[in-house]
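Colleague: Mind looking at a prediction? Sequence and model below.
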Amino acid sequence: MKRLDEIEWDAFSRLPIEDKKPYLERKEGDGLPFHTLFAQQFDRGALERLCALASRIRFINKSREGALYLKSILAHKRAMLYFSQPSSRTFLSHLAACQILGMTTGSVRDAATSSEFKGESHEDSIRTFSSYFDMIIMRSPVQGLAEKMAWELSNSFRPVPILNAGSGKDQHPTQALLDIYTLVRSFEEKGGIDGRTVVFCGDLMRGRTVRSLSWLLTDFRDVKQIFVAPRELQVSADVVMNLAKKGVDFEVTDDLRAAVRTADAVYMTRIQDEWDSAKGESAKIDTSRFKFGAEELSLLGPDGVIMHPLPRRDEIATCCDRDPRAKYWRQMRNGMWIRAALIAATFGYEKEIMDCGY
Amino acid sequence: MKRLDEIEWDAFSRLPIEDKKPYLERKEGDGLPFHTLFAQQFDRGALERLCALASRIRFINKSREGALYLKSILAHKRAMLYFSQPSSRTFLSHLAACQILGMTTGSVRDAATSSEFKGESHEDSIRTFSSYFDMIIMRSPVQGLAEKMAWELSNSFRPVPILNAGSGKDQHPTQALLDIYTLVRSFEEKGGIDGRTVVFCGDLMRGRTVRSLSWLLTDFRDVKQIFVAPRELQVSADVVMNLAKKGVDFEVTDDLRAAVRTADAVYMTRIQDEWDSAKGESAKIDTSRFKFGAEELSLLGPDGVIMHPLPRRDEIATCCDRDPRAKYWRQMRNGMWIRAALIAATFGYEKEIMDCGY
Amino acid sequence: MKRLDEIEWDAFSRLPIEDKKPYLERKEGDGLPFHTLFAQQFDRGALERLCALASRIRFINKSREGALYLKSILAHKRAMLYFSQPSSRTFLSHLAACQILGMTTGSVRDAATSSEFKGESHEDSIRTFSSYFDMIIMRSPVQGLAEKMAWELSNSFRPVPILNAGSGKDQHPTQALLDIYTLVRSFEEKGGIDGRTVVFCGDLMRGRTVRSLSWLLTDFRDVKQIFVAPRELQVSADVVMNLAKKGVDFEVTDDLRAAVRTADAVYMTRIQDEWDSAKGESAKIDTSRFKFGAEELSLLGPDGVIMHPLPRRDEIATCCDRDPRAKYWRQMRNGMWIRAALIAATFGYEKEIMDCGY
């Protein structure tokens, strides 16, 4: 473990992502994060511990007594949710995670309210929040901002943890955690994730969830990845190169049905046309063969799972919604549990919760 | 009692409102609601139990110990307030009701924040909220939406209750509950509601509160209803026909002062010009004789009560505000108590609270 | 002590500020406020008690047990934060103060949501909030509104306290409290505030913080005040006249460096160009000599302190941020503690907290 207050910002920011990891850990050196910035900072060991903790929290929360116990864990802490890039879904999931652990919260969550901060630097705004709160959960359209703020806070007189809830186009680490947790849960009584085939389908070029999940799956053994997309929206070269470098088996195709036949998990995504240039190029792409409907459902094996980061448009037909293999609603709820686990772990309560009598 | 997951949506939605009632009850079959959608789903028995529970909660809350006891009741639950049609008053009243019972809350309460949901179906949005919360309190400009969502949730793997806090032009059931509770409290030591004369005055055509309260009053014995309004804003035919069908004594008039002389309760409402067509027809109506001022106050009996759903403009002169017969402020606070009672009952805590030692 | 419900509004509003003070006290007559409206309502005794209580709360909050004890203090109360003039910083500070004491909160904090109240009078809106909450923390662009609302509530059937979090151009009493608390803390082991020299620099004409702090400092002995500003933005005549009348030593100058050499505390402020007329006159003023940087830092004595109400632009160079004499971050956090102290005192918990075993 290394310390963020012992390295200059310029030096830190230029490190490869693998070398940043030790700077983000808790000072107790227990392998869990203090700042959560990148999906890639979690190795298999950390992922499995967080998943186990999430399942423990989920179980404890079933009884009233258990729920009240969990609410006592962080009842002495306050979290700030700073969403300068609004997302009600992500906001509510983090909020619920805080509430499960008894944290009270404050929030800035829309452009209008946060515009007043324009006169001051991001550093000053974040320091303001750190004055009043014990953790900052932030979502921002500015690439790399969460990382900068984590460094700033670790070098201030009140170093509170940053939890990155989406930062620019590149990082949304807790989405990757919830995706992994959903796979772990789906296969936990069926031999686990190792050796599985995961199919990604849709707008693979512009979705940060695909890129993060693809990376994390390389921490598992023999997971084959198949990328199904129209040519214009196929997964980008750096993802492919990462897999090739690590010797991971993968395939790039435009045939969803063939892929579904071999799939253990199908991860559907929507066309992210909010990133279109003014010309609306997405509308010109034929995406009709990249949707999951009754036909695809019939091709999926009995233990297969269907996932989606939501919101969806028409990538998954609603006729699939009540099929037991459709996991996207549980996936969303899993996000709440894994975030609660992450927050509890950040504050050092992993062991207390794992060992409690509930 | 019947079950919402045993009837198709089309069949359910076509049922007369009376026949929908059994589908909305708690599965424990205790006569209290799981989903709260319509004013008409509450019969006299349910109304009286909710009013008794509201008064009990109000009493318990007077002491610090009692308030802390109440906060323990639903401390293990979380409520989502989804107000795609903003209303701070209604929002805050429900929020306070949740807080009295110890529920933590999340919210979406303005058009800007909720616009992001436009890309997805209402069904998916509501399912998102049900993933993170244990109850959904919703207000929407879309007529019938709360009903559809209740059906959807009851047919999902996580059937959480819907509390309708206003849905389109037609339904705002908790407003009707608080009106009844205000009448119950006002007359509780004076022989009750039976046999009273209730005067409605103002924009009776477009206010959903009048229509709901008129209906609920038919559950009581011998309550005469007098409707005072300019011709253009008089109560609509279906309300009158409901009363005629049930053999209830009523009167339609434009003479407020004559009505006040015989009234036990006067229910004032404002002109709802937000429903005007582009021509602003409300402004052309002479509403001067449909206001309650010093003169009307002098005509009201010593036990009479003045109510108003608020906000008001000039329908009630401020000189009436400190008269003990002016109940509109207490009426607003009653809304908080009856909503707390309704929420507690929805989760099955009626008996525990009624029997507690406070 | 006098009672607000025994004086008419016209008579009350015309009283000099000193004569209003006794009307704002708690009915227990313990010298602490019920309504907090003006910086000037706090005399030295009250200031010192609030500062002591803030330090006590800050200390108790260090341990988990202490924090949980504090959260029990007002767990039976609810606060409304009504910010019709948005300010996330002030909002979050008050929110955190409420949360430290266990109060749950509701809020209206942006123009869009509060626009719906336009149809009704301020009095009715405030009464609405008082129906659901036990304290109203309000911020408004309307001068004198908090005062009027305090009078209204004290004359209603539910007299809840008003805490003025900024009202028009003139009053922001809790900012003054946190400034005093920061000075008290900074000098508490170095002989206190008496006899110090305080330098104000920046836009002294339009900042309400300077005017309030200047007033409160006259409650202390022999505090010299130096006002450093461009001619167009110098402190206004009423501030100077108040000092002259009380025989306080002061100086008006445009030489910041000379002032810093003699300063115990330097209070920097930003140019408040939001108050500019359409002509943008601020941009034409040369403010270059009214900034605190490395040079000024080198002139400040070893025990000197640098303060700023924040947000800052470039009035203080970031190179000063890690100097131990830079107190502006702690000043912000002090705001949370002193507000918690004020709220606890308003509800009568000063003694319980001072005497508790933590």
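Modeller: Here it is on my side, so go on.
Colleague: now the helices for the stretch 251-358 of chain A?
Modeller: Secondary structure of the stretch 251-358 of chain A (DSSP state H, counting those that start in this stretch): helices located at A:256-262, A:294-299, A:328-346, A:350-355.
Colleague: anything in the longest one near chain B?
Modeller: Yes. Using CB under 8 Å from any CB of the partner chain, we find that helix A:328-346 touches chain B at A:329-330, A:332-333, A:336. C-beta coordinates here come from the backbone N, C-alpha and C atoms, glycine included.
Colleague: of the residues you listed, buried ones?
Modeller: A:329-330, A:332-333, A:336 (16 or more other CB atoms under 10 Å in any protein chain shown).
Colleague: Now render these as JSON lines, adding distance to chain C.
Modeller: Supplementary listing: those in JSON lines, determined by distance: CB to the nearest CB, whole Å:
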{"residue": "A:329", "distance to chain C": "30"}
{"residue": "A:330", "distance to chain C": "31"}
{"residue": "A:332", "distance to chain C": "27"}
{"residue": "A:333", "distance to chain C": "25"}
{"residue": "A:336", "distance to chain C": "21"}
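Colleague: could you dump those to TSV with distance to residue B:103?
Modeller: Formatted as TSV, these follow (distance: CB to CB, whole Å):
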residue	distance to residue B:103
A:329	22
A:330	23
A:332	21
A:333	18
A:336	16
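Colleague: Check these and tell me the two furthest apart.
Modeller: The most widely separated members of these are A:329 and A:336, with 11.9 Å between them, by CB to CB.
Colleague: so what sits against both of those two?
Modeller: Among the neighbours of residue A:329, those also in contact with residue A:336 (CB atoms under 8 Å, 6 or more residues apart in numbering or on different chains) are residue B:131.
Colleague: Contact partners for residue A:288?
Modeller: Residue A:288 is in contact with no residue at all, counting by CB under 8 Å, 6+ apart.
Colleague: where does chain A come near chain B, residue by residue?
Modeller: Looking at chain B, the residues of chain A close enough under CB under 8 Å from any CB are A:64, A:67-68, A:71, A:86-89, A:92-93, A:95-96, A:99, A:109-112, A:310-313, A:318, A:329-330, A:332-333, A:336.
Colleague: try 7 Å this time
Modeller: Taking CB under 7 Å from any CB of the partner chain, the part of chain A that reaches chain B is made up of A:64, A:67-68, A:71, A:86-89, A:92-93, A:95-96, A:99, A:109-110, A:310-313, A:329, A:332-333, A:336.
Colleague: of those residues, buried ones?
Modeller: Those of those that meet the buried threshold are A:67-68, A:71, A:86-89, A:92-93, A:95-96, A:99, A:109-110, A:310-312, A:329, A:332-333, A:336, by 16+ other CB under 10 Å.
Colleague: And the residue lying closest to residue A:26 once chain neighbours are set aside, how far from chain B?
Modeller: Of all residues beyond its chain neighbours, the one nearest residue A:26 is residue A:34 (4.6 Å), with distances taken as CB to CB, 6 or more residues apart in numbering or on different chains. The span separating residue A:34 from chain B equals 26 Å under the rule CB to the nearest CB, to the nearest Å.
Colleague: try residue A:35
Modeller: For residue A:35, the distance to chain B - CB to the nearest CB - is 24 Å.
Colleague: can you check residue A:48 too?
Modeller: Per CB to the nearest CB, residue A:48 is found 24 Å from chain B.
Colleague: Equivalent analysis for residue A:190, please.
Modeller: Relative to chain B, residue A:190 is positioned 20 Å away (CB to the nearest CB).
Colleague: show me the residues around that residue that make contact.
Modeller: By CB atoms under 7 Å, 6 or more residues apart in numbering or on different chains, the contact list for residue A:190 reads residue A:303.
Colleague: Return the helix or strand in chain A with minimum mean pLDDT.
Modeller: Averaged element by element with mean pLDDT, DSSP states H and E, chain A has its least confident helix or strand at helix A:111-114 (a mean of 56).
Colleague: Which helix or strand lies directly C-terminal to that helix?
Modeller: Taking DSSP states H and E as the definition, the helix or strand that follows helix A:111-114 towards the C-terminus is helix A:122-132.
Colleague: who touches the next helix or strand after that following helix?
Modeller: Later in the chain than helix A:122-132, the nearest helix or strand by DSSP H and E is strand A:135-140. With contacts defined as CB under 7 Å, 6+ apart, strand A:135-140 is touched by A:77, A:79-85, A:87, A:90, A:94, A:126, A:129-130, A:146, A:149, A:160-167.
Colleague: Please flag which of these sit within helices.
Modeller: Secondary-structure check on the contacts of strand A:135-140 using DSSP state H: residues within helices are A:90, A:94, A:126, A:129-130, A:146, A:149.
Colleague: could I get the residues you listed as CSV with pLDDT and distance to residue C:42?
Modeller: Written out in CSV, the entries for the ones in helices among the contacts of strand A:135-140 read as follows (pLDDT from 0 to 100; distance: CB to CB, whole Å):
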residue, pLDDT, distance to residue C:42
A:90, 94, 43
A:94, 98, 39
A:126, 89, 32
A:129, 91, 28
A:130, 95, 29
A:146, 94, 41
A:149, 95, 36
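Colleague: Which one of these is nearest to chain C?
Modeller: Using CB to the nearest CB, residue A:129 is the member of these that sits closest to chain C, with 7.1 Å.
Colleague: Just to check, the closest one is in contact with residue A:84?
Modeller: No. Counting by CB atoms under 7 Å, residue A:84 is not a contact partner of residue A:129; they are 11.5 Å apart.
Colleague: what about the residue of the stretch 251-358 of chain A found nearest chain C, distance to residue B:217?
Modeller: Proximity to chain C, evaluated over the stretch 251-358 of chain A using CB to the nearest CB, is greatest for residue A:347 at 10.7 Å. Residue A:347 sits 54 Å away from residue B:217, going by CB to CB, to the nearest Å.
Colleague: of those two, who's got more company?
Modeller: With neighbours defined as other CB atoms under 10 Å in any protein chain shown, residue A:347 and residue B:217 compare such that residue B:217 has more, 22 against 19.
Colleague: how many neighbours does the nearest residue in space to that one that is not next to it in sequence have?
Modeller: Closest residue to residue B:217 apart from its sequence neighbours, by CB to CB, 6+ apart: residue B:223 at 4.7 Å. Residue B:223 is surrounded by 22 other residues when neighbours are defined as other CB under 10 Å.
Colleague: How about residue A:78?
Modeller: As a burial measure, the neighbour count of residue A:78 was computed by other CB under 10 Å and equals 22.
Colleague: Now do the strands in chain A.
Modeller: Taking DSSP state E as the criterion, chain A contains strands spanning A:78-83, A:104-108, A:135-140, A:162-167, A:197-201, A:224-228, A:250-253, A:265-268, A:305-307.
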